[in-house]
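Trainee: Fold the following, please.
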Amino acid sequence: MAKLDHKNATITSLSASKSLERKKLDSEITKLMEKRREKDQEIKKKEDKIQELKRKNFELEKFRKVLDYKISEDKARIGPKEAEIRKYKKEISELNEKLKDFNKENT
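Mentor: From the prediction side, this is the model:
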């Protein structure tokens, strides 16, 4: 009978030990699952931020294309005016030379 009581006590002790170990493992699993949920939320936030930045980048690219087009139009309009300005400067220079010559002749 003493042997049986001893075996019973050992089994009870092992059972209590396994039960405690199981509770610890369950607690660890719960903590790990919570960490995973937190990481998943973090990943979701970062993915949302990436999508937002992609949308902003797309909008900025469209804006850049519009501005590039406007700049090229402005350059196309300015080009002929610069040629005109050079022409007028040359004419002014020639007229200044004629005026100097005229003033020399009249002095």
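
Trainee: Run through the strands of this structure in chain order.
Mentor: Read by DSSP state E, the chain holds no strands at all.

Trainee: for it, what spans make up the helices?
Mentor: 2-106 (DSSP state H).

Trainee: Can you check the pLDDT for the residue most central in space within the chain?
Mentor: In the chain, the centroid-proximal residue (C-alpha atoms, centre = their mean) is Leu53; its distance is 4.8 Å. Listed pLDDT for Leu53 reads 98.

Trainee: That one and Glu61, how far apart?
Mentor: From Leu53 across to Glu61, the span is 12 Å (C-beta to C-beta, to the nearest Å). Backbone N, C-alpha and C define where each C-beta goes, glycine included.

Trainee: got it, and Asp48?
Mentor: 20 Å.

Trainee: repeat for Thr30
Mentor: 47 Å.

Trainee: Low-confidence regions, this structure specifically.
Mentor: Residues of the chain meeting the criterion pLDDT under 70: 1-4, 6, 107.

Trainee: what do you get if the cut-off is 80, keeping everything else the same?
Mentor: Within the chain, the stretches with pLDDT under 80 are 1-9, 11, 14, 106-107.

Trainee: Quick check: Asn106 vs Asp48, distance?
Mentor: Distance check for Asn106 against Asp48: by C-beta to C-beta, it reads 83 Å.
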